[in-house]
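In: Next come a sequence and a model predicted from it.
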Amino acid sequence: MPEQAQRRAPAPQPVESPARDSDSYEELRHLIVGPEQRGIAEIRHRLDDPDRRAGDVSSVLAEAIELRRRGDDAALADALAPTIRETLSDSVRKDPHELADALFPVMGPAIRKSITETLRSMLESFNTALEQSLSWRGIRWRIESLRTGRSFAEIVLMHSLLYRVEQVFLIHRETGLVLNHVVAPSISTQDPTLVAGMLSAIQQFVQDSFESPREETLGSLTVGDLQVWVEQGPHAVLAAVIRGHAPASYRVSLAETLEGLEENFASSLSAFKGDSSPFRATTDRLHSLLETQYREKHAPSKKPRLAIAAGILVLVLLLSWVTYVTVQARRWDNFSRSLASHPGIVVTSVDKSGGRWHVHGFRDPLADNPAGELYREHLAATDAAFDLSPFYSLDSAIILRRANDLLKPPPTVQLSLHEGTLVAEGAASSHWIRKLDERAPLIPGVSSLDDSHLRNENAAALESLVLTFPLGEATLDRGQEALLARAREEILALRDLAAATGQTVTVSLVGHTDSTGVEGNNLVLSRQRADRVSSLLFPGGFPGGAIERSGVGPSQPLRPETTEEGRHLNRSVTFLVHFAPATSAN
């Protein structure tokens, strides 16, 4: 049984031997690579922990930036520039005062210096022009100004100015690029880059044409009334644009300034690659070269004091005249606008001739007189002439004036206009009401008439009468006989008035009830009351007129029914009167 023998063969071998070997191997491996694994774990933990990584970077950040700046400062500046710009922009948006306070020590003196220099130059030019303007010399200069076409200020400056440095350029010698550029106040300039390029090109042309060494350069050139003085150093060129004749000492100042700039900015000049920002610090030194010197003035005893006084007087008179003209123009402006806004006046044109303003247009006869507007604006009547042709204005205010002028309403009537409809309110006589009906449609601008709120004052006495009734009955209250007789007299008087004026009169009897009871019964009762009063007034009919009867029940109460007196007054009959032309009745 070899198969069984083979299975039993391994049995005598010890079982623990492989385990002991494995443990020994693990212990040996731990002793050999354990420290490195712990170090790797520590490094991984340091890299994965943001706080520890930030601490490590912060401890060497300053040294790293300094080292990078020494190696390639342009790359570092390019990398930091966007972040710095965003930080500054965000700071300005959040708190602009903090940045303003930080820049104040630098900006304040610079602004004050610029303003002082500008005012000084302006005052010197003004004083020179004023001293010479009314003298014989000034007259000659004015003639020269007219002859040459130059302004008087330019002529004065040309004769009184000894020299003035108008511009100073600091130019990189190798590239010809402008490092800095300063300009005197009130001087117009061209693009400094073009000017610097022109100077560099001229220098190169001179050297090439005359085969001169590089050290021998063009020292000056003349362009019209200007001279350009040039000083060259190893790395920079200083050029001054001068009007007039500067002394030789000024060239010494140019040379000394250039030597100082070469010394203080040697590293920036040597490493220049197109960025001119490091040379902004040269501005103050360049400004010191912007010199101005005038010719010696006359002794104080020879100053034209009388001419100065006369000039001041002329100036005061001129200012007074300008002020007067300005005020008058403003007043006339106000007058023109106010006149054009008046209803019934249309201004087509305004012109001035012969010392007077002429106003052309149209004016409705009922419009305001424009002379009154002249008075309100403190203008003399002789200042203006009006050429206003008459016309019928359709302005609402003018239409209403025309209606009042033609109809002449009594004080008890108020006329108004709403979108072309003439509305009459109040009380008037029959005669005036008839005139209103006849004339109102003929008024220009009136499209319709509304006289529903107009009462006939002749009928007011009748319409004020109220005949009352007991509750639920169609017979008059006791003691109504006197009111009934008065109503009959008023109706007959109205009939006679209508006949005399060629009209017919219609009297409406309106019956009322209070709100108690059934509505249908109240409507019948109100009509019965109107019929009862009609039969008592004119049993045989109303000769020469018409009587109309109607019942409105409780729908048109005369008084609120909060008291018994109010309810009693609503149990009544009232009167309404209407006049109409006799022809319309036929």
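Out: Now that the structure is in, tell me what you want to look at.
In: hey, C-alpha coordinates of stretch 313-322 in CSV?
Out: Extracted C-alpha coordinates of stretch 313-322, given in CSV (Å, rounded to 0.1, in the frame of the first residue of the first chain):
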residue,chain,number,x,y,z
LEU,A,313,-11.3,150.0,-14.4
VAL,A,314,-11.8,148.7,-17.9
LEU,A,315,-12.0,145.1,-16.5
VAL,A,316,-14.6,146.1,-13.9
LEU,A,317,-16.7,147.9,-16.6
LEU,A,318,-16.3,144.9,-18.9
LEU,A,319,-17.4,142.5,-16.2
SER,A,320,-20.4,144.8,-15.3
TRP,A,321,-21.4,144.9,-18.9
VAL,A,322,-21.1,141.1,-19.3
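In: Now it: buried residues?
Out: Residues of stretch 313-322 classed as buried: none (neighbour count, 16 or more other CB atoms under 10 Å). (Glycine included, C-beta is placed from N, CA and C.)
In: How far off centre is it?
Out: In terms of CA atoms, centre = their mean, to the nearest Å, the centre of stretch 313-322 is found 34 Å from the chain centre.
In: Quick check: what element follows the helix or strand of the chain with the lowest mean pLDDT along the chain?
Out: The weakest-scoring helix or strand in the chain, judged by mean pLDDT, DSSP states H and E, is helix 2-8 (a mean of 39). Next helix or strand after helix 2-8 toward the C-terminus (DSSP states H and E): helix 17-48.
In: Output the contacting helices and strands for that following helix.
Out: Under the contact criterion of 3 or more CB pairs under 8 Å, 6 or more residues apart in numbering; DSSP states H and E, helix 17-48 touches helix 50-94.
In: which strand residues sit across from Val350 in the sheet?
Out: Val359 (DSSP bridges).
In: That one contacts Ala340, doesn't it?
Out: No - at 9.4 Å, Val350 and Ala340 do not qualify as touching, with contact defined as CB atoms under 8 Å.
In: Now stretch 430-438: average pLDDT?
Out: Stretch 430-438 shows a mean pLDDT of 79.
In: Let me fix that, I meant to ask about stretch 547-559.
Out: For stretch 547-559, the mean per-residue pLDDT is 91.
In: same deal with stretch 234-254?
Out: In this model, stretch 234-254 has a mean pLDDT of 84.
In: Would you mark the buried spots in that stretch?
Out: 235-244, 246, 250-251, 253-254.
In: Using PDB, write out every CA atom in it.
Out: What follows is stretch 234-254, C-alpha atoms only, in PDB (Å, rounded to 0.1, in the frame of the first residue of the first chain):
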ATOM      1  CA  PRO A 234      26.600 105.500 -20.200                       C
ATOM      2  CA  HIS A 235      23.100 104.200 -19.900                       C
ATOM      3  CA  ALA A 236      20.700 107.200 -20.100                       C
ATOM      4  CA  VAL A 237      20.100 110.300 -22.200                       C
ATOM      5  CA  LEU A 238      18.600 113.500 -20.700                       C
ATOM      6  CA  ALA A 239      16.900 115.900 -23.100                       C
ATOM      7  CA  ALA A 240      15.400 119.300 -22.300                       C
ATOM      8  CA  VAL A 241      13.100 121.200 -24.600                       C
ATOM      9  CA  ILE A 242      13.800 124.900 -24.100                       C
ATOM     10  CA  ARG A 243      12.000 128.000 -25.400                       C
ATOM     11  CA  GLY A 244      14.300 131.000 -25.500                       C
ATOM     12  CA  HIS A 245      18.000 131.200 -24.700                       C
ATOM     13  CA  ALA A 246      19.100 129.200 -21.600                       C
ATOM     14  CA  PRO A 247      22.400 130.100 -19.900                       C
ATOM     15  CA  ALA A 248      25.400 127.800 -20.000                       C
ATOM     16  CA  SER A 249      24.900 127.000 -16.300                       C
ATOM     17  CA  TYR A 250      21.700 125.200 -17.200                       C
ATOM     18  CA  ARG A 251      23.700 122.600 -19.200                       C
ATOM     19  CA  VAL A 252      25.800 122.100 -16.100                       C
ATOM     20  CA  SER A 253      22.500 121.400 -14.200                       C
ATOM     21  CA  LEU A 254      21.600 118.800 -16.900                       C
END
